[in-house]
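Novice: A structural model of the following input is requested.
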Amino acid sequence: MLTNNTYILASSSKSRKLILQNCGLKFKQVRPLCNEELIKKSIKGKLKPTNIAKTLSYEKAKSISIKKNYFKHYVIGCDTLIYLDNKVFDKAKNMYEAQSKIIKLSGKTHKIVSGLTICKNGKKVWQTSETTSVKIRKLKPLQIEKYLKKTGKQILNSVGCYQIEALGPNVIENIKGDYFNVLGLPLFKLLNYISKIK
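Specialist: So this is what the prediction gives:
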C-alpha cells in the first residue's frame, strides 16, 4: 500500500486483520473498548440498518482514538450487519439458530451493510458505508443439515452463517457489490480514502 502511515484497526475480527495484511497496509489491531451489544440494543429499531452500522463503526474507532497511546494515529472502525426486509440479523448463538437463519435466507436476497469510520485525535475525520446484495440458493432441509455439519460451530462467527471465503459458495447463488464487504470490510472505499492521506 502506497502510504507511510501506520493505522490502528479497532476490531478483533480475524477476517478484517487478514484483509489489511494481504493488501500491505501497516497497522496494529486493537480490540474496541466500547460495549457493542449495549449500543446496538439502544439504537436497534430506531435507526435504519446503514445508520446502525455507521454508529457502531464510529463508537469502535472513537473508543481507541481517545486513548493517549493512539491519539495521533488514524483509527479504523468497522461494523458489518445483514438485514432482510429491514430486519437486522444478530449472530446465531448456537447451531439451531444457525439452521433457522439459513432457512429464513434460503432462496432470498439479503443485504450486507458495513459502516466504516476513521477517527483521529478522538474525532471523526471520515465516514462511509457499503452495501452488497447476497442471494442464497433455494436449499432443501437436508442440504442445510449437511452444510452445517461440514462447517461446524465456526459458522457461528459469521453473521449470515456462511463464510464466502470458505464453504459459503456452496449456499450462495450470487453477490452484487464489493466482495470484501461480504468478508466484513469495504476495502476499496477504505484504500481510496487512505491513498489521499499524506
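
Novice: The residue nearest to Glu36 when sequence neighbours are not counted: helix or strand, and which one exactly?
Specialist: Excluding its sequence neighbours, the residue lying closest to Glu36 (C-beta to C-beta, 6 or more residues apart in numbering) is Leu56, at 6.2 Å. Heads up, the C-betas are built off the backbone N, CA and C, glycines and all. Leu56 belongs to helix 49-65 when assigned by DSSP states H and E.

Novice: Now do the buried residues in stretch 97-109.
Specialist: Going by neighbour count (16 or more other C-beta atoms under 10 Å), the buried part of stretch 97-109 is Ala98, Gln99, Lys101, Ile102, Leu105, Ser106.

Novice: Count the residues that sit near Gln127.
Specialist: Each residue near Gln127 was counted by other C-beta atoms under 10 Å, and the total is 17.

Novice: what's the answer for Lys28, then?
Specialist: For Lys28, the neighbour count with other C-beta under 10 Å is 13.

Novice: Residue numbering should commence at 30 henceforth.
Specialist: All right, first residue 30 from here; so that's Lys57.

Novice: That one touches Ile37, doesn't it?
Specialist: Yes: distance between Lys57 and Ile37: 5.5 Å, which falls inside the contact criterion (C-beta atoms under 8 Å).

Novice: and the residue nearest to Glu65, what does it touch?
Specialist: Residues counted as contacts of Leu85 (C-beta atoms under 8 Å, 6 or more residues apart in numbering) are Glu65, Ile68, Lys69, Gly106, Asp108, Gly144.

Novice: any idea how far it lies from Ile165?
Specialist: According to C-beta to C-beta, to the nearest Å, Leu85 stands 24 Å off from Ile165.

Novice: same deal with Pro215?
Specialist: Taking C-beta to C-beta, one finds Pro215 at 21 Å from Ile165.

Novice: Of those two, give the one with the bigger neighbour count.
Specialist: Legend: neighbour count by other C-beta under 10 Å for Pro215 and Ile165, higher for Pro215 (27 against 23).

Novice: relative to its centroid, which residue of this protein is most remote?
Specialist: Residue farthest from the centre of the chain, counting by C-alpha atoms, centre = their mean, is Leu171 at 28.9 Å.

Novice: Check whether that residue sits in a helix, strand or coil.
Specialist: With DSSP: H, G, I helix; E, B strand; the rest coil as the basis, Leu171 sits in helix.

Novice: Now do it against Lys178, distance only.
Specialist: Distance of Leu171 to Lys178, given as C-beta to C-beta: 11 Å.

Novice: Enumerate every residue touching the residue nearest to Lys122 when sequence neighbours are not counted.
Specialist: Leaving out its chain neighbours, the residue that sits closest to Lys122 by C-beta to C-beta, 6+ apart is Leu185, at 7.4 Å. Counting by C-beta under 8 Å, 6+ apart, Leu185 touches Lys120, Ala121, Lys122, Asn123, Met124, Ala127.
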